[in-house]
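Undergrad: pasting the sequence and the predicted model now:
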Amino acid sequence: MTVHFVGAGPGAADLITVRGLRLIEKAAVCLYAGALVPRELLDAARADARLVDTANLTLDQIVEEIRAAHANGLDVVRLHSGDLSFFSAVGEQTRRLEALGIPYELTPGVPAFAAAAAALGRELTLPGVGQTVVLTRVANNSTAMPPGEDLATLGRSRALLVLHLAVRETSRIVDELVPFYGADCPVAVVARASRLDELVVRGRLVDLPALVHDNGIKAVAVIMVGEVLGDATGFCESHLYSPARERATAAEQPARPIADCVAGACRARVR
């Protein structure tokens with residue numbers, strides 16, 4: 001048997017991958033985070049599948065469910081919201097499985113920040129404006145952030161910050177980021193991205209606490225801070241599709257020109 005950790009996506013049931021859905025359809029046991037995973041996904045499970053809501057289970061209890069299934073030769077799907085690569089608590093589970101000699105595989109899912117970007121209708125990396133996205137969170141009633149990963153340190157880059165689990169810390173976010181981004185820096189808050197009750201709010205960094213409070217946003221939201229969220233017209237086009245870009249066959253492999261964006265104008269250089 002194998003334990004399949006599957007990213008269930010950001011909320012909409014039809015945003016799970018085809019691979020993930022097929023694994024649900026075949027699994028004898030399915031463990032899922034009931035508060036976050038779309039209930040419709042479980043409709044795809046076998047009629048005789050054991051369905052376990054892990055919302056109120058401890059890590060020990062979750063691992064015991066998996067161990068028991070393994071002892072009986074049953075395949076397991078462990079559904080997590082979003083993607084598995086960050087803020088999923090998958091690492092602590094796989095560490096236990098490795099100690100027990102239980103095999104597992106990971107199937108990625110659509111992350112919440114990608115669904116939020118789609119809701120905003122934005123690419124998060126624009127030539128000459130922003131090419132870096134920092135995915136992080138704000139420590140509140142949770143594990144402390146490691147040294148050097150505080151907002152002030154990350155904010156010095158002025159890259160686009162995507163903050164998870166942060167809607168209760170908006171005043172702190174403003175206090176720590178305004179010195180680097182400025183009070184008028186564009187922000188966006190996307191709650192329940194991809195769900196029927198999705199909510200998108202845009203504004204200025206200095207107004208973030210009011211934006212969250214006045215719209216009743218309390219959970220299941222990401223906050224984005226960065227200039228790339230502003231005017232979507234004032235950036236140069238990428239060199240990739242430029243008619244000025246030299247194109248050749250793979251066999252020729254010439255030196256490849258790359259576009260630099262300087263003050264809104266593109267300038268070619270050779271790497």
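TA: The structure has been received and is ready for your questions.
Undergrad: and Val187, how many neighbours?
TA: Using other C-beta atoms under 10 Å, Val187 has 27 other residues around it. C-beta here means a position set from N, CA and C on the backbone, and glycine is covered the same way.
Undergrad: brain fart, Ser157
TA: 12.
Undergrad: ok, now Leu177?
TA: By the criterion of other C-beta under 10 Å, Leu177 has 25 neighbours.
Undergrad: quickly find the element holding it.
TA: Leu177 belongs to helix 170-181 when assigned by DSSP states H and E.
Undergrad: same question, Leu106
TA: strand 104-107.
Undergrad: now do that strand: which elements does it pack against?
TA: With contacts taken as 3 or more C-beta pairs under 8 Å, 6 or more residues apart in numbering; DSSP states H and E, strand 104-107 sits against strand 3-7, helix 18-26, helix 90-100.
Undergrad: what's in contact with it?
TA: Strand 104-107 is contacted from outside by 2-7, 17, 19-20, 23, 84, 90, 94, 97, using C-beta atoms under 8 Å, 6 or more residues apart in numbering.
Undergrad: which one of these sits closest to Ala139?
TA: Proximity of the contacts of strand 104-107 to Ala139 was ranked by C-beta to C-beta; the top entry is Val90 with 19.7 Å.
Undergrad: contact partners for the nearest residue to the closest one once chain neighbours are set aside?
TA: Among residues not flanking Val90 along the chain, Leu84 sits closest, at 4.9 Å (C-beta to C-beta, 6 or more residues apart in numbering). By C-beta under 8 Å, 6+ apart, Leu84 lies in contact with 5-7, 90, 106-109.
Undergrad: in three-state terms, how would Leu84 be classified?
TA: Secondary structure for Leu84, judged by DSSP: H, G, I helix; E, B strand; the rest coil, is coil.
Undergrad: now the strands for the stretch 51-200 of the chain?
TA: Listed in chain order, the strands of the stretch 51-200 of the chain (DSSP state E, counting those that start in this stretch) span 76-80, 104-107, 133-137, 160-164, 186-191, 199-204.
Undergrad: quick revisit: mean neighbour count and distance to Val52 added to the helices and strands packed on strand 104-107, as a markdown table?
TA: Below are the helices and strands packed on strand 104-107 laid out as a markdown table (neighbours: other C-beta atoms under 10 Å; distance: least, C-beta to C-beta, whole Å):
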| stretch | mean neighbour count | distance to Val52 |
| --- | --- | --- |
| strand 3-7 | 24 | 13 |
| helix 18-26 | 16 | 13 |
| helix 90-100 | 14 | 14 |
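Undergrad: wait, which of these is closest to Arg46?
TA: Of these, nearest to Arg46 by C-beta to C-beta is helix 18-26, at 7.1 Å.
Undergrad: partner strands of the next helix-or-strand element following the closest one and their direction?
TA: Using DSSP H and E, the helix or strand that directly follows helix 18-26 along the chain is strand 29-32. Counting by DSSP bridges, the strands paired with strand 29-32 are strand 50-53 (parallel), strand 76-80 (parallel).
Undergrad: and the contacts of the last one?
TA: Same thing as strand 76-80. 1-8, 23-24, 27-33, 37, 41, 62, 65-66, 69-70, 88-90, 93, 109.
Undergrad: chain center to it: distance?
TA: 18 Å (C-alpha atoms, centre = their mean, to the nearest Å).
Undergrad: now that strand against strand 3-7, angle please.
TA: 20 degrees (axes from the mean of the first three to the mean of the last three C-alpha atoms, to 10 degrees).
Undergrad: could I get strand 76-80 in CSV with only the CA atoms?
TA: This file holds the C-alpha atoms of strand 76-80, laid out as CSV (Å, rounded to 0.1, in the frame of the first residue of the first chain):
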residue,chain,number,x,y,z
VAL,A,76,-4.6,5.9,2.0
VAL,A,77,-5.3,9.4,0.7
ARG,A,78,-4.5,12.2,3.0
LEU,A,79,-6.2,15.4,1.7
HIS,A,80,-4.7,18.8,2.6
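Undergrad: buried set for the strand holding Leu106?
TA: 104, 106-107 (16 or more other C-beta atoms under 10 Å).
Undergrad: give me the mean pLDDT for it.
TA: Regarding strand 104-107, the rounded mean pLDDT is 97.
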